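# Sharing a sequence plus its predicted fold:
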Amino acid sequence: LAMRLKATAAEVIKKLMGLGVFATVNDVIDFDTASLVAMEFHAKVEKEVVVTIEEQIIDDSEDEDDNLVPRAPVVVVMGHVDHGKTSLLDAIRHANVTATEAGGITQHIGAYQVKLGDREVTFLDTPGHAAFTTMRARGAQVTDIAVLVVAADDGIMPQTVEAIHHAKAASVSIIVAINKMDKPGANPQHVMEQLTEYDLVPEEWGGDTPCIPVSALKKTGIKDLLEMIILVADMKELKANPDRAAKGTVIEARLDKGRGPIATMLVQNGTLHTGDILVAGTTVGRVRAMTDANGKKIDSAGPSVPVEITGLDDVPTGGDIFNAVSDERLARELVEQRRNALKEERFNARTKVTLDNLFDQMKQGDMKELQIIVKADVQGSVEAVRQSLEKLSNDEVRVNVIHGGVGAISESDVMLATASNAIIVGFNVRPDPVAEENAKRDGVDVRLYRIIYDCIDEIESAMKGMLAPKY
Ligand code: GDP
């Protein structure tokens, strides 16, 4: 402010004191105070308002209660492999199709809607929580309800537990579908007992977790499950405003040789029309053609309706948020800005910490903490490594094990490492293929060892800048 007023800092501070504001050069003062000071210096004051392109073209205003109408719940199906997620999604889809339509279902677009009486339910058609987590990591909040599939003859398995944690982290309501009830070994009581260990107390036992016995194979219990979904949805009072510009999330997208980029989008608020100008992540375009999940051409889609659209310039990424906007020129400018920001982000990603650059980063004073994720084949090793590594902390850098666990290095370990600028060390475990690919892409340093001593030695050397170069 002093500079703009062609005064010294001391003069400005003195004027501020005169106004009863005791500030130093490091303090921030608000516009009103600054303009009072400026007037003392006989300067002309004008408030500069910086409006970003996003603010200009994307309507982010709150909806008035009066404009809100109920919308269909959006449901994801999660659970352990082979417990019947795909079968259940198929059973639900087909239970709802009349014989004449049945032949018409040829494609899966990543989401579909089913009817129950006059109500509708939207299902995301990608089973498993990987897609769900990726979307959430990208900031997309898409699902309202998770159906947790547990095979009645198998009970809760590791991926069931993961799914529970993911659903809870996203605060979505959980409905348990106890599947494979037709099997002779089905033991739903046992499943319910196991659920209580994860704070999911069945409704029958006075808790608030609905548990519905089903058989995806024999198609029994499907209607009960749908009814329960509607009931839970009603309690959540899900609403949206169909009378505004559409906003939602890209569920999946691909490039079609003939038709160009094709994206499945879930409209979450507003109504999407053919001809609308869209911004989706770093892509832009105009909705050329729109079809529903049954492949039928439609001209508009309201809240909770999944649609497939063509007309984007480029293939967006699953989890990208899209907005219908009014100004195509500004939309293109916005996308350009986002692309540049992304490039910069990627460039910065290249300066991720690795054992090879650790010492340089420490010298530059950029590294005060070395974050490490430890994965091992047995819990004992995880603990031993954690303790030895944390003891390596010195005056310059603190060694911090932010996560430790048993099992292969997974996609979510890499995601955590990326987010926290951590390196990953593995003992007698390897990264799974997806984790390996992502680590390479994101520049996450993954080091594999058989002997704890080797790891300690290597990290200690790296901290001293004496790591032997790798050939
Ligand atoms: P996902 O890996 O969770 O998607 O499981 P799938 O839907 O692929 O099912 C795994 C296996 O379990 C397949 O062989 C299915 O036929 C079978 N399966 C799924 N649901 C049922 C069921 O209700 N009863 C029986 N007996 N088998 C089922």
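Noted; the coordinates are in hand.
# which intervals of the stretch 351-471 of the chain have sub-threshold pLDDT?
Along the stretch 351-471 of the chain, segments meeting pLDDT under 70 span 351, 365-366, 467-471.
# So which bits of it are right by the ligand?
Residues of the stretch 351-471 of the chain lying close to the ligand (Cβ under 6 Å from any ligand atom): none. All C-beta spots, glycine's among them, are computed from the backbone N, C-alpha and C.
# Repeat that for the stretch 1-150 of the chain.
By the rule Cβ under 6 Å from any ligand atom, the part of the stretch 1-150 of the chain lying against the ligand is 79, 81-87, 127.
# Just the buried residues of these.
With burial judged by 16 or more other Cβ atoms under 10 Å, the buried subset of those is 79, 83-87, 127.
# Tell me where the stretch 1-150 of the chain is predicted with low confidence.
By pLDDT under 70, the low-scoring segments of the stretch 1-150 of the chain are 96-107, 127-140.
# gap between residue 282 and the ligand?
Distance from residue 282 to the ligand, counting by Cβ to the nearest ligand atom, to the nearest Å: 32 Å.
# May I ask you to confirm that that residue is in contact with residue 342?
Yes. Taking contacts as Cβ atoms under 8 Å, residue 282 lies within contact range of residue 342: 6.1 Å.
# okay, the two: which has more neighbours?
Using other Cβ atoms under 10 Å as the criterion, residue 282 and residue 342 rank with residue 282 on top: 20 against 12.
# Tell me who's in contact with that one.
The contact partners of residue 282, by Cβ atoms under 8 Å, 6 or more residues apart in numbering, come to 314, 316, 320, 335, 338-339, 342.
# follow-up on the earlier one: now, the residues of the stretch 1-150 of the chain next to the ligand that are in helices?
85-87 (DSSP state H).
# Closest one to residue 408 out of those, please.
In terms of Cβ to Cβ, no member of those lies closer to residue 408 than residue 85, at 21.5 Å.
# Please identify the residue most distant from the middle of the chain.
Within the chain, residue 42 marks the point farthest from the mean C-alpha position, 51.8 Å out by Cα atoms, centre = their mean.
# where exactly do the strands run in the stretch 151-300 of the chain?
For the stretch 151-300 of the chain, the strands defined by DSSP state E, counting those that start in this stretch cover 173-179, 211-213, 239-240, 247-256, 260-269, 272-273, 277-280, 283-291, 300-301.
# Serialize those to a markdown table and add fields for mean pLDDT and mean neighbour count.
Converted to a markdown table, those look like this (pLDDT from 0 to 100; neighbours: other Cβ atoms under 10 Å):
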| stretch | mean pLDDT | mean neighbour count |
| --- | --- | --- |
| strand 173-179 | 97 | 26 |
| strand 211-213 | 98 | 21 |
| strand 239-240 | 96 | 18 |
| strand 247-256 | 92 | 20 |
| strand 260-269 | 95 | 23 |
| strand 272-273 | 98 | 20 |
| strand 277-280 | 96 | 26 |
| strand 283-291 | 96 | 20 |
| strand 300-301 | 97 | 20 |
